[in-house]
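A.B. asks: I would like to see how this sequence folds:
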Amino acid sequence: MSDLKIRVFKGAMTEPSTTVTIPGGVLRIATSLVPKRALAALEEEGINLEEIVRLSESQEARGNLVEVDAHDRNERVVVSLE
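C.D. replies: Numbering: from 1, shown residues only. Below is the predicted model of the structure:
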């Protein structure tokens with residue numbers, strides 16, 4: 001199972017200001033702890049957390065899954081499986 005990485009980039013920075021890593025072994029359990037409001041925010045951006053968990057179980061699914069550019073906040077969020 002792949003690790004889920006969420007990186008937040010501020011402005012034009014090439015290094016993330018924040019990185020969250022959820023190990024693949026606990027990914028399914030960890031998603032059950034995500035607050036409903038956070039799940040709603042992800043889904044509003046077109047990100048289905050259950051589908052990401054399913055993809056993490058596949059050996060072929062690696063790399064960036066979603067990139068969200070929040071122009072109003074001048075940040076970019078990258079969700080990947082590694």
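A.B. asks: and residue 27, how many neighbours?
C.D. replies: A count of nearby residues for residue 27, using other CB atoms under 10 Å, gives 19. Every residue, glycine included, has its C-beta placed from N, CA and C.
A.B. asks: report the contact partners of it.
C.D. replies: Neighbour list for residue 27: 1, 3-4, 53, 56 [criterion: CB atoms under 8 Å, 6 or more residues apart in numbering].
A.B. asks: which other residues reach stretch 48-63?
C.D. replies: 1-4, 24, 27-28, 31, 34, 39, 42, 65, 79-82.
A.B. asks: residue 46: neighbouring residues, count only.
C.D. replies: For residue 46, the neighbour count with other CB under 10 Å is 8.
A.B. asks: what about the contacts of residue 27, which one has the most neighbours?
C.D. replies: residue 4 leads the contacts of residue 27 on contacts (other CB under 10 Å) with 24 neighbours.
A.B. asks: please report the distance of the closest residue in space to that one that isn't next to it in sequence from residue 76.
C.D. replies: Spatial nearest neighbour of residue 4, excluding adjacent residues (CB to CB, 6 or more residues apart in numbering): residue 22 at 4.4 Å. Distance, residue 22 to residue 76, by CB to CB, to the nearest Å: 19 Å.
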